[in-house]
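Asks: how does the following fold in three dimensions:
(4 chains)
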2 protein chains.
Amino acid sequence: MEKLSTRDRIIEAAYTLFSEKGYHGTSTREIAKTASVSEVTLFRIFGTKESLFEEVLKTKSIIPDLLAMIRDVENYSLEDLLFSLAKRFYYTLVSKKKFIMITFSEVNQYSEKIIDIYQKLIDQIDELLVRIFSKYKNSNRNFDLKIIAMAFRGMIFDLFLTNEILLRKDITKSEINRILSSYVKIVLNSIE
Amino acid sequence: MEKLSTRDRIIEAAYTLFSEKGYHGTSTREIAKTASVSEVTLFRIFGTKESLFEEVLKTKSIIPDLLAMIRDVENYSLEDLLFSLAKRFYYTLVSKKKFIMITFSEVNQYSEKIIDIYQKLIDQIDELLVRIFSKYKNSNRNFDLKIIAMAFRGMIFDLFLTNEILLRKDITKSEINRILSSYVKIVLNSIE
DNA sequence: CATGTAAGTAAGTAATCACTTACTTAATTT
DNA sequence: AAATTAAGTAAGTGATTACTTACTTACATG
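Replies: Numbers count the residues shown, from 1 in each chain, chains lettered A, B, ... in the order given. Here you go, the predicted structure:
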């Protein structure tokens, strides 16, 4: 276990509590207690609860992870490439579950910020997929590649949402991978 | 405009406010004011904020709508059937947007209840789709129909989530229908 | 006319909220 | 050794919270 600075301990505690009980459901007293820090220290460092919240969002954002995913695409065969992307996407979502919970809970309070976060990411993921598809596609079917990209991203995101957030299923990694690999095949059927 | 009873006016106000600001972000005073009712009346009828919340969930549940969708399946061609199901599913989600917002915001606080709500619905939708698919399928591919059902449901749910809740896009009905019809074709490609 | 019902008003409860002030302690740096 | 820094403690601020009490008003029903 790493030793965390006082500041980081507060951010960790706030991150977890906000994701479990929402912004309004979490008190600063509780955050301080969870971080084993006095409430005064919390306010000395962050000033207000609101700005602590914004620091949490900044520090724990999913954006860098997903941008890294987009950058790291390698030149496999189409099927291998899509499968590795699907896995990387799914497990990035899992590792950022708390961040996603927070943004979903506060989507109305912070709608502009949250639209900003997700709009660009979604667009970039879809663009990447379209670029990949168009490199490999054989025929011109009567539906466009953008919609296939949306469908692929949607299947995976919904799988995450259903298993990890709504139903909290204990589903094995190999079962997840089996499903993701089937999803890849569904997409391949539509472009090949 | 219908005249609502005092009780129903409170439920309507609470429904909207809970969906916009969450349970903890909404005060009983605000609910009463929005419903044009005195706060005392609110407590006389519902006793506690908590039980008002539960009444809202009961009254506004998406369950009956989705069960009706499952019952009303008619005998079109496979493509027409899936397309009409897709539309019905999507627009039911849209009409129950506030309910979905509330359950997402409070998923940690009321996890058992919310798992109960969605677990059965998801299972029944997937079962219905598998039943439909197996009636029409021609060959035995190497991935099973359950996974195609999950993919189909997932695409549509994610489309709703992305457009209506996360990004609040102003997307036309005909554009939605174009996307849904493409989603149907993606699925058809995988079972035919 | 008398009674019951559904609502309102005014006031107040104890608890909790975010946040502040004033002072102290311990360790590190200069 | 003196000064700075990062933390703590104790106490309290005014505002807001869910919820209550006591009494009142207006209307409908028997």
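
Asks: give me the pLDDT value at the residue most central in space within chain A.
Replies: By C-alpha atoms, centre = their mean, chain A has its centre lying nearest to residue A:93, at 3.7 Å. Looking at residue A:93, its pLDDT is 98.

Asks: check which helix or strand covers it.
Replies: helix A:78-95 (DSSP states H and E).

Asks: show me the contact partners of that helix.
Replies: A:62, A:65-66, A:69, A:72-76, A:100, A:125, A:129, A:132, A:135-136, A:152-153, A:156-157, A:159-160, A:164, A:176-177, A:180-181, A:183-185, A:187-188 (C-beta atoms under 8 Å, 6 or more residues apart in numbering or on different chains). C-betas here are computed from N, CA, C, even on glycine.

Asks: which PyMOL command selects the buried ones in those?
Replies: Paste this into PyMOL to select the buried members of the contacts of helix A:78-95, with burial taken from 16 or more other C-beta atoms under 10 Å in any protein chain shown:
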select buried, chain A and resi 62+65+66+69+100+125+129+132+152+153+156+157+159+160+164+176+180+181+183+184+185+187+188
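
Asks: ok, and of the contacts of helix A:78-95, which contact chain B?
Replies: For chain B, the contacts drawn from these by C-beta under 8 Å from any C-beta of the partner chain are A:153, A:156, A:157, A:159, A:183, A:185, A:187.

Asks: other SSEs contacting the helix or strand that contains residue A:99?
Replies: Using DSSP H and E, residue A:99 falls within helix A:97-105. Helix A:97-105 sits against helix A:6-21, helix A:49-60, helix A:111-136, helix B:97-105, with contacts defined as 3 or more C-beta pairs under 8 Å, 6 or more residues apart in numbering or on different chains; DSSP states H and E.

Asks: hmm, which helix or strand of chain A has the shakiest average pLDDT?
Replies: Least confident helix or strand, chain A: helix A:111-136 with a mean of 92, by mean pLDDT, DSSP states H and E.

Asks: around DNA strand C, pick out the residues from chain A.
Replies: Neighbours of DNA strand C within chain A, by C-beta under 7 Å from any atom of the strand: A:26, A:27, A:28, A:29, A:30, A:39, A:40, A:43, A:47, A:48, A:49, A:50.

Asks: same thing but 10 Å
Replies: Residues of chain A lying close to DNA strand C by C-beta under 10 Å from any atom of the strand are A:21, A:23-32, A:38-44, A:46-53.

Asks: got a ChimeraX select line for the buried ones in the residues you listed?
Replies: Buried subset of the residues of chain A next to DNA strand C, written as a ChimeraX selection, criterion 16+ other C-beta under 10 Å:
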select /A:21,23,24,25,26,28,31,32,42,46,49,52,53
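
Asks: among the residues of chain A next to DNA strand C, name the ones in helices.
Replies: A:21, A:28-32, A:39-44, A:46, A:49-53 (DSSP state H).

Asks: among those, which are in reach of chain B?
Replies: Answer for these near chain B (C-beta under 8 Å from any C-beta): residue A:21.

Asks: could you pick out which of the ones in helices among the residues of chain A next to DNA strand C are near DNA strand D?
Replies: Residues of those in contact with DNA strand D (C-beta under 10 Å from any atom of the strand): A:29, A:32, A:39, A:40, A:41, A:42, A:43, A:44.

Asks: which one of these is nearest residue A:6?
Replies: Proximity of those to residue A:6 (C-beta to C-beta) peaks at residue A:41, which lies at 6.3 Å.

Asks: pull the number of nearby residues for the nearest residue to that closest one once chain neighbours are set aside.
Replies: Nearest non-adjacent residue to residue A:41, counting by C-beta to C-beta, 6 or more residues apart in numbering or on different chains: residue A:6, 6.3 Å away. The burial count assigned to residue A:6 is 15, neighbours taken as other C-beta atoms under 10 Å in any protein chain shown.

Asks: any idea how far residue A:6 is from residue A:19?
Replies: Relative to residue A:19, residue A:6 is positioned 21 Å away (C-beta to C-beta, to the nearest Å).

Asks: that older thread, give me the buried positions along the least confident helix or strand of chain A.
Replies: Applying 16+ other C-beta under 10 Å to helix A:111-136 flags A:114, A:117, A:118, A:121, A:122, A:125, A:126, A:128, A:129, A:130, A:132, A:133 as buried.
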